[in-house]
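[1] Attaching a predicted model along with its sequence, questions to come.
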Amino acid sequence: MSDSAEALVGELPAALPATPTWTRTWPTLASADFFTGITLSNNGAYVSGTSYARTTDLVGGKEAKGITVRFNLDGSAGAGYGGNVWERQTPPAPGGFSYGGYEFLTGVTSATQAGQAFIFSAGFGQVSGCDCWGSFVDKFDEAGNRLWTRSDSTTATYTLLRSSVTASAHAVYVATSMGNPATKPYIRKYDAAGTLQWTRTSAVSGNYRGVALSGTTVVAVGLAALSGGVSDFLIEAWDSSGNPIWSRTYTTLAAPLKPWMESSFWTAGPMR
């Protein structure tokens, strides 16, 4: 890897502007590492991202992989590497797919299930050498024990994905995209044990970039792709049984997406 970066996590006081109450860079190694999501519980700050230096690749050449890291909520140093409490390659080696290529985490959330807090990290990775991408989600307890991984290669898109995740006391929802050549927004529901309950594909072309939950209503947001590289904002609601409730698109300017808007990820070196 010819490029390097450090992941950063910190806390700001309620009164702004101000300097952070605490900040921590991690893992302080000359490699490409970055965080893309954070969730909190009463016991810790959990971040998800991508690491080259702190992950293992068991197949072919070395590529960056997803990683979930826990830090103390008060910013104090933990007993783990670089002051963390624990770190977990997500999914564990060889990865979410047997190909063992590039993998990224793009979403993390926490939820209380059966009276206990759990962490859910979602992302995407290479399914094959044709740069075909699939998505995955992992469940951890607060001690860092991985309870299950669920990979989904049916997304099968040649466009870099973004997988977002939200969870309730009884369910986990992952929003992403699927299909070639016309990518479709795509959402799936698992129960707390990781059993797939249903999958749904939006009627519009585009992709989901985020998801949230209110009661039994799941709301996913992203973009609706139009002709000529133009896109609209997209927001859609589903009920807990997978029935569409409503769909809305919104735009202010008919402008094409820029390449950096289409994908916020980069890699150093060719995909294999």
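    Cool, the structure landed.

[2] S177 touches K184, doesn't it?
    Yes - between S177 and K184 there is a contact at 6.3 Å, judged by CB atoms under 8 Å. Placement of C-beta: from N, CA and C, glycine included.

[3] Name the residues contacting each of these two.
    The contact sets of S177 and K184 overlap at 206-207 (CB atoms under 8 Å, 6 or more residues apart in numbering).

[4] Look at these two and report which has more neighbours.
    Each of S177 and K184 has its neighbours counted (other CB atoms under 10 Å); S177 has more, 29 against 20.

[5] Distance check, that one against Y99.
    Going from S177 to Y99 by CB to CB, to the nearest Å gives 19 Å.

[6] And T21, by the same measure?
    Applying CB to CB to T21 and Y99 gives a distance of 42 Å.

[7] again with V69
    From V69 over to Y99 (counting by CB to CB), the distance is 25 Å.

[8] Same drill for T21 and Y99, tell me which one is more crowded.
    For T21 and Y99, the more surrounded residue by other CB under 10 Å is Y99, and the numbers stand at 21 against 12.

[9] wait, the more buried one sits on C130?
    No - the pair Y99 / C130 is not scored as a contact, 9.9 Å apart, by CB under 8 Å.

[10] what about the strands in the stretch 101-250 of the chain?
    103-113, 116-128, 132-141, 146-157, 164-167, 171-178, 184-191, 196-201, 206-214, 217-225, 231-239, 244-250 (DSSP state E, counting those that start in this stretch).

[11] residues near T201, how many?
    For T201, the neighbour count with other CB under 10 Å is 14.

[12] which one is it nearest to, not counting chain neighbours?
    In this structure, T201 finds its nearest non-sequential neighbour in K184, 4.8 Å apart by CB to CB, 6 or more residues apart in numbering.

[13] how about a markdown table for the strands of the stretch 101-250 of the chain, with distance to F35 and mean pLDDT added?
    Supplementary listing: the strands of the stretch 101-250 of the chain in a markdown table, determined by distance: least, CB to CB, whole Å; pLDDT from 0 to 100:
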| stretch | distance to F35 | mean pLDDT |
| --- | --- | --- |
| strand 103-113 | 9 | 96 |
| strand 116-128 | 11 | 94 |
| strand 132-141 | 16 | 94 |
| strand 146-157 | 19 | 87 |
| strand 164-167 | 15 | 96 |
| strand 171-178 | 19 | 94 |
| strand 184-191 | 24 | 95 |
| strand 196-201 | 28 | 96 |
| strand 206-214 | 16 | 93 |
| strand 217-225 | 21 | 92 |
| strand 231-239 | 25 | 92 |
| strand 244-250 | 29 | 92 |
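
[14] Highest mean neighbour count out of the ones you listed?
    Compared across the strands of the stretch 101-250 of the chain, strand 171-178 shows the largest average neighbour count, a mean of 27 (mean count of other CB atoms under 10 Å).

[15] what pairs with that one, and is each one parallel or antiparallel?
    Here strand 171-178 is paired, per DSSP bridges, with strand 164-167 (antiparallel), strand 184-191 (antiparallel).
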